[in-house]
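> build me a model:
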Amino acid sequence: MIKDVRSYKLCYEGINDERDALAVKALAEHPMEIVVTEIETEDGYIGYGESLAYGCSDAVKVTIDKILKPLILKEDEELIEYLWDKMYKATLRFGRRGIAIAGISGVDTALWDIMGKKTRKPIYKLLGGFKRKVRAYITGGYYSEKKDLERLRDEIAYYVKMGFKGVKVKIGGKTMREDLERLKVVKEVVGDDVNVAVDANNVYTFEEALKMGKELEKMGIWFFEEPIQTDYLDLSAKLAKALEVPIAGYETAYTRWEFYEIMRKEAVDIVQTDVMWTGGISEMMKIGNMAKVMGYPLIPHYSAGGISLIANLHVASALGTEWIEMHLRRNDLRDKIFKESIEIEDGHLVVPERPGLGYTLRDEVFEEYKCKS
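Numbering: from 1, shown residues only. Just a heads-up that it's a prediction; the model follows:
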């Protein structure tokens, strides 16, 4: 039985000097911010999950503490599907997306962590997974006042030297001419052996995305991520039909129902989703299997803390995905949250064999990275 549910707001300020296009356009950036859910069972097992908290950690924490916790206390922690449905239906009138689903995501992942620990198996095996390593591509090329073309060149060269065969560069925060010049530099660095993708973080209009997409085709870009606002699925479908460069997205979508519409409308060529905001491991597995049925490749998204990265990795193994996203920006909530080091081998993330998520949180984490407000 579930004995207690605790949540913690964690922040890391050191990531603030780099921005994506949406942050540049909004003239603001949040610190690296997550909400960690800790679930304790009556027989002493503890599991952890991570929730999306970009500037909304207070609301996510309140949702977990005041709405979701009372729903699952004293329930059987092994009934993960039942508990997911209970939380989703209880928040139906004000949820279905956003903060409510972010809260459910953290709870669901923590329940899977407990299940793995109880059965002494890694989550990927509970899900029927088989891949021991998943090839990672690195998201970089963020905008920064300190990053000129030469520093961009050095950054991308570092990823290549580490053995990564895919990189993704942020676009949309400068003029089209400037971004194309940045991409030219990146292509010169990586040569023909490394895939280069781009991510506009939803900032283009349809016309801007179409014009940029035509230029990206000429450069042989791997995929064009989130070119326009996620809500414009018909326009995204029109864009996907008009361009040869594959459209990828939309990690800013939630749950199987929204992703069904994305795939049904043929709004993307590549599906991207993330356990920390789509509904947790349970929901991401449903989305991934639906993508298989409908013939879409899936690449797990990643942008926040270490818990979500590892949870995405377990799902990637279970689904047999070819790629997973990672970034190497300074981020203690990824690199210093665990007692163990995240394993990277020849450009691949290694799936842990230890029970549950396979990583142990350091005791000092909740105090050390406690948000100041």
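> distance check, the residue nearest to the spatial centre of the chain against S308.
The chain has Y302 as the residue nearest its centroid, 2.8 Å off, counting by CA atoms, centre = their mean. Between Y302 and S308 the distance is 7 Å, computed by CB to CB, to the nearest Å. Glycine gets a C-beta too; all of them are placed from N, C-alpha and C.
> now for these two: what residues contact both?
Counting by CB atoms under 8 Å, 6 or more residues apart in numbering, the shared contacts of Y302 and S308 are D274.
> SS state for G47?
strand (DSSP: H, G, I helix; E, B strand; the rest coil).
> tell me the pLDDT at it?
In this model, G47 is scored at 98, pLDDT.
> now do the strands in the protein.
Taking DSSP state E, the strands of the chain run over residues 2-12, 32-41, 46-52, 133-140, 166-170, 195-199, 224-225, 247-249, 270-271, 323-327, 344-345, 348-350.
> which stretch among the ones you listed comes nearest F259?
If you check each of the strands of the chain against F259 by CB to CB, strand 270-271 wins as the nearest, at 6.7 Å.
> turn the strands of the chain into JSON lines, including mean neighbour count.
What follows is these, written out as JSON lines (neighbours: other CB atoms under 10 Å):
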{"stretch": "strand 2-12", "mean neighbour count": "19"}
{"stretch": "strand 32-41", "mean neighbour count": "24"}
{"stretch": "strand 46-52", "mean neighbour count": "27"}
{"stretch": "strand 133-140", "mean neighbour count": "22"}
{"stretch": "strand 166-170", "mean neighbour count": "24"}
{"stretch": "strand 195-199", "mean neighbour count": "23"}
{"stretch": "strand 224-225", "mean neighbour count": "28"}
{"stretch": "strand 247-249", "mean neighbour count": "26"}
{"stretch": "strand 270-271", "mean neighbour count": "24"}
{"stretch": "strand 323-327", "mean neighbour count": "22"}
{"stretch": "strand 344-345", "mean neighbour count": "13"}
{"stretch": "strand 348-350", "mean neighbour count": "19"}
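> any chance of those in JSON lines, plus distance to Y82?
JSON lines is the format used below for the strands of the chain (distance: least, CB to CB, whole Å):
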{"stretch": "strand 2-12", "distance to Y82": "12"}
{"stretch": "strand 32-41", "distance to Y82": "15"}
{"stretch": "strand 46-52", "distance to Y82": "17"}
{"stretch": "strand 133-140", "distance to Y82": "30"}
{"stretch": "strand 166-170", "distance to Y82": "38"}
{"stretch": "strand 195-199", "distance to Y82": "37"}
{"stretch": "strand 224-225", "distance to Y82": "35"}
{"stretch": "strand 247-249", "distance to Y82": "31"}
{"stretch": "strand 270-271", "distance to Y82": "27"}
{"stretch": "strand 323-327", "distance to Y82": "29"}
{"stretch": "strand 344-345", "distance to Y82": "37"}
{"stretch": "strand 348-350", "distance to Y82": "31"}
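> okay, domains of the protein per the record?
According to automatic domain parsing, the chain comprises the domains 2-120+363-368, 125-350.
> state the distance from the residue nearest to A136 when sequence neighbours are not counted to D269.
Excluding its sequence neighbours, the residue lying closest to A136 (CB to CB, 6 or more residues apart in numbering) is M326, at 4.5 Å. Per CB to CB, M326 is found 21 Å from D269.
> could you point out which of the domains of the chain sits nearest G356?
G356 sits nearest to domain 2-120+363-368 of all the domains of the chain, at 3.4 Å, using CB to CB.
> dump the one helix or strand in the chain whose mean pLDDT sits lowest to PDB, restricted to CA.
Here the helix or strand of the chain ranked lowest by mean pLDDT, DSSP states H and E is helix 21-26, holding a mean of 81. Extracted in PDB, the C-alpha atoms of helix 21-26 (Å, rounded to 0.1, in the frame of the first residue of the first chain):
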ATOM      1  CA  ALA A  21      14.300  30.400 -29.800                       C
ATOM      2  CA  LEU A  22      11.100  30.500 -27.700                       C
ATOM      3  CA  ALA A  23      13.100  31.900 -24.800                       C
ATOM      4  CA  VAL A  24      14.800  34.400 -27.100                       C
ATOM      5  CA  LYS A  25      11.500  35.600 -28.500                       C
ATOM      6  CA  ALA A  26       9.900  35.900 -25.100                       C
END
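> so, low pLDDT: which residues of this structure?
Within the chain, the ranges that satisfy pLDDT under 70 run 15-16, 27-30.
> show me where the stretch 201-350 of the chain has helices.
In the stretch 201-350 of the chain, the segments counted as helices under DSSP state H, counting those that start in this stretch are 206-219, 233-242, 255-264, 275-278, 280-294, 306-319, 332-335.
> looking at the ones you listed, which is nearest to M32?
Closest to M32 of these is helix 332-335 (CB to CB; 5.6 Å).
> show me what the closest one packs onto, helices and strands only.
With contacts defined as 3 or more CB pairs under 8 Å, 6 or more residues apart in numbering; DSSP states H and E, helix 332-335 has these neighbours: strand 2-12, helix 306-319.
> tabulate the ones you listed (CSV), appending distance to V365.
Below are the helices and strands packed on helix 332-335 laid out as CSV (distance: least, CB to CB, whole Å):
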stretch, distance to V365
strand 2-12, 7
helix 306-319, 10
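> of all the ones you listed, which one is nearest A136?
For the helices and strands packed on helix 332-335, the distance to A136 is smallest for helix 306-319, at 9.1 Å, taking CB to CB.
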